[in-house]
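Undergrad: This is a predicted model, with the sequence first.
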Amino acid sequence: IKAETFQYCTNLISISLPDSITSIGSFAFRNCIRLMNISIPNNTIEICNCAFDGCRSLPNIDNIRYADTYLVEVVDKSLLSYTIKQGTRFIGDKAFENCSRLTSIIIPNSIFSIGHHAFANCNCLKSISIPDGVIQIGYDAFRNCRNLERFSIPNSITTIENYAFSGCSSLNEIIIPNSITELKEGLFCDCNNLISVVIPDGILRIENDAFRNCRNLTNIILPNSIVEIGNSAFGNCRNLTKVILPERLLSIEIGIFQNCSSLTDIVIPDRITMIGAWAFSGCTNLKNITIPNGVKSMGWRAFYGCSNLASITIPNSITEIEKDTFLECSSLSSIIIPDSIISIGNDAFCLCKNLKTIICKATTPPKLGFEAFEYIHNEAIIVIP
């Protein structure tokens with residue numbers, strides 16, 4: 001059934017769906033205000049966004065509105081606890097959203113899917129057990145459940161959508177099952193108390209902002225199955241101390257470790273070809289880093305504000321040092337510019353106050369940007385051909 005197929009059919013009272021129906025599209029029955037009875041076949045494995053939004057005549061059982069095996073919504077948002085009736089297969093989009101007094105929920109083993117925003121802003125919910133058999137958790141499903149401390153993810157789950165646990169600031173530990181292959185955008189963003197994460201071998205991608213602002217995350221082991229880590233994936237993880245990047249990774253994206261101020265050690269694999277803008281900016285405890293020979297570019301402000309960075313080797317594969325790349329790297333004492341460099345951008349080494357030795361090996365001097373070496377050490381020795 002396509003999206004919006006029966007929306008605003010305000011005289012529709014009853015509908016029986018054949019077994020051939022596998023999917024019901026977004027807003028398919030929106031504002032069918034007289035709809036009282038619908039049968040959803042067992043072959044239906046997908047019910048999209050707000051399919052029964054505004055269907056206020058559906059059966060109300062203990063202040064919970066149901067469309068056959070689909071739990072549509074909570075009528076009374078002051079609900080304290082609830083046991084979802086056995087046989088329910090879907091927890092609908094926004095079903096328990098803003099039930100700010102909800103402290104416990106029992107989910108039966110018949111549940112197949114948990115919808116978008118299903119438990120968002122349930123601030124009193126401390127723990128929840130997801131039964132084996134659930135295969136999907138929708139985006140923002142548990143967003144801002146600020147007191148949620150424990151969460152078990154069964155091996156049956158194959159997809160957890162964007163920002164599902166974002167803002168769960170009391171969550172301190174999570175184990176990702178082997179059935180998951182991607183950690184979606186913002187999945188654990190703003191989980192301030194998250195200390196430990198177990199990522200299984202088999203994960204292929206960690207998307208943008210997945211662990212951003214997880215300020216208590218101290219250790220994370222990345223399996224070698226990972227081929228892509230998105231922008232700001234670990235940005236502002238201020239207690240993260242050491243990271244070994246997977247060997248199959250080809251690029252370090254924008255802001256991936258920005259403001260990871262406790263990071264002292266990072267191992268960059270040989271296959272990396274690009275370091276994005278702001279990648280390590282604000283990593284104030286990073287002391288040494290080796291850039292592999294295959295890296296062809298370093299983005300704007302890649303190491304901006306790395307105030308303890310004492311040494312760095314720039315490989316011959318790089319042709320340009322972009323603007324602000326090493327701005328305010330105040331502990332950097334010497335730099336060798338390889339003969340491959342053709343330009344050094346504005347403020348590239350500005351405020352590197354302890355930079356005493358600059359050696360340029362190029363036979364043709366690179367183009368120097370505005371204030372490229374401003375405010376370096378008064379007694380610096382600069383060797384330019």
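TA: Received it, and whenever you're ready, just let me know what you need.
Undergrad: CA only for contacts and neighbour counts going forward, please
TA: Will do.
Undergrad: Tell me how many other residues surround Ser331.
TA: 18 (other Cα atoms under 10 Å).
Undergrad: With Ile61 as the reference, measure out to it.
TA: Per Cα to Cα, to the nearest Å, Ser331 is found 67 Å from Ile61.
Undergrad: now Leu171
TA: On the measure of Cα to Cα, Leu171 and Ile61 end up 32 Å apart.
Undergrad: More neighbours: which of these two?
TA: More neighbours surround Leu171 than the other of Leu171 and Ile61, with 24 against 11 (other Cα under 10 Å).
Undergrad: Contact partners for the more buried one?
TA: Applying Cα atoms under 8 Å, 6 or more residues apart in numbering, we find Leu171 in contact with 147-151, 191-194.
Undergrad: Could you rerun that using 10 Å?
TA: 126-127, 145-151, 165, 188, 191-196 (Cα atoms under 10 Å, 6 or more residues apart in numbering).
Undergrad: Cys191 touches Ser166, doesn't it?
TA: Yes: Cys191 lies in contact with Ser166 (Cα atoms under 10 Å); the separation is 6.3 Å.
Undergrad: so what sits against both of those two?
TA: By Cα under 10 Å, 6+ apart, the residues touching both Cys191 and Ser166 are 143-144, 146, 211-214.
Undergrad: about what we covered before: filter the contacts of Leu171 down to the buried ones.
TA: 126-127, 145-149, 151, 165, 188, 191-196 (16 or more other Cα atoms under 10 Å).
Undergrad: what separates stretch 153-167 from the chain centre, distance-wise?
TA: 11 Å (Cα atoms, centre = their mean, to the nearest Å).
Undergrad: Same check on stretch 299-314?
TA: 25 Å.
Undergrad: again with stretch 368-385
TA: Worked out by Cα atoms, centre = their mean, stretch 368-385 lies 40 Å from the chain centre.
Undergrad: Could you pull out the strands in the stretch 51-200 of the chain for me?
TA: Along the stretch 51-200 of the chain, counting by DSSP state E, counting those that start in this stretch, strands occupy 60-61, 64-67, 70-74, 81-83, 90-91, 104-106, 113-114, 127-129, 136-137, 150-152, 159-160, 173-175, 182-183, 196-198.
Undergrad: So which of the ones you listed is nearest Ala277?
TA: Between Ala277 and these, the shortest gap by Cα to Cα is with strand 182-183, which sits at 22.2 Å.
Undergrad: Quick one: list the elements packing against the closest one.
TA: Packing contacts for strand 182-183, counted by 3 or more Cα pairs under 10 Å, 6 or more residues apart in numbering; DSSP states H and E, involve strand 159-160, strand 205-206.
Undergrad: Dump these into TSV; add mean pLDDT and distance to Phe27 as well.
TA: Shown next, in TSV, are the helices and strands packed on strand 182-183 (pLDDT from 0 to 100; distance: least, Cα to Cα, whole Å):
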stretch	mean pLDDT	distance to Phe27
strand 159-160	95	22
strand 205-206	97	31
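Undergrad: Might you list the low-confidence residue ranges for this structure?
TA: Counting by pLDDT under 70, the chain contains no low-confidence segment.
Undergrad: burial of the residue lying closest to Phe370 once chain neighbours are set aside, as a residue count?
TA: Setting aside the residues directly before and after it, Phe370 is nearest to Asn346 in space (Cα to Cα, 6 or more residues apart in numbering), at 4.6 Å. Using other Cα under 10 Å, the number of residues around Asn346 comes to 20.
Undergrad: now Asn354: how far from Gly115?
TA: From Asn354 across to Gly115, the span is 55 Å (Cα to Cα).
Undergrad: Looking at the two, which is more packed in?
TA: Gly115 (25 against 19).
Undergrad: In PDB, please show the C-alpha coordinates belonging to stretch 15-26.
TA: Only the C-alpha atoms of stretch 15-26 are listed here, as PDB (Å, rounded to 0.1, in the frame of the first residue of the first chain):
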ATOM      1  CA  ILE A  15     -10.800  -2.500   6.000                       C
ATOM      2  CA  SER A  16      -9.400  -6.000   5.500                       C
ATOM      3  CA  LEU A  17      -6.000  -6.400   4.000                       C
ATOM      4  CA  PRO A  18      -5.000  -9.500   2.000                       C
ATOM      5  CA  ASP A  19      -2.100 -11.700   2.900                       C
ATOM      6  CA  SER A  20      -0.200 -10.300  -0.100                       C
ATOM      7  CA  ILE A  21       0.400  -7.000   1.700                       C
ATOM      8  CA  THR A  22       4.000  -6.800   2.900                       C
ATOM      9  CA  SER A  23       4.300  -3.000   3.400                       C
ATOM     10  CA  ILE A  24       2.100  -0.100   4.400                       C
ATOM     11  CA  GLY A  25       3.400   3.300   3.300                       C
ATOM     12  CA  SER A  26       3.800   6.500   5.300                       C
END
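Undergrad: quick one, strands of the stretch 201-350 of the chain?
TA: 205-206, 219-220, 228-229, 242-244, 251-252, 265-267, 274-275, 288-290, 297-298, 311-313, 320-321, 334-337, 343-344.
Undergrad: Any idea which of these gets closest to Ala380?
TA: strand 334-337 (9.2 Å).
Undergrad: what's around Asn155, how many residues?
TA: 16.
Undergrad: so who does Ser297 touch?
TA: Neighbour list for Ser297: 251, 273-277, 317-322 [criterion: Cα under 10 Å, 6+ apart].
Undergrad: Rebuild those as JSON lines, extending it with neighbour count and distance to Trp300.
TA: Below are the contacts of Ser297 laid out as JSON lines (neighbours: other Cα atoms under 10 Å; distance: Cα to Cα, whole Å):
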{"residue": "Ser251", "neighbour count": "20", "distance to Trp300": "15"}
{"residue": "Thr273", "neighbour count": "21", "distance to Trp300": "15"}
{"residue": "Met274", "neighbour count": "18", "distance to Trp300": "12"}
{"residue": "Ile275", "neighbour count": "24", "distance to Trp300": "9"}
{"residue": "Gly276", "neighbour count": "21", "distance to Trp300": "7"}
{"residue": "Ala277", "neighbour count": "25", "distance to Trp300": "5"}
{"residue": "Ser317", "neighbour count": "17", "distance to Trp300": "17"}
{"residue": "Ile318", "neighbour count": "21", "distance to Trp300": "14"}
{"residue": "Thr319", "neighbour count": "19", "distance to Trp300": "14"}
{"residue": "Glu320", "neighbour count": "18", "distance to Trp300": "11"}
{"residue": "Ile321", "neighbour count": "27", "distance to Trp300": "9"}
{"residue": "Glu322", "neighbour count": "22", "distance to Trp300": "6"}
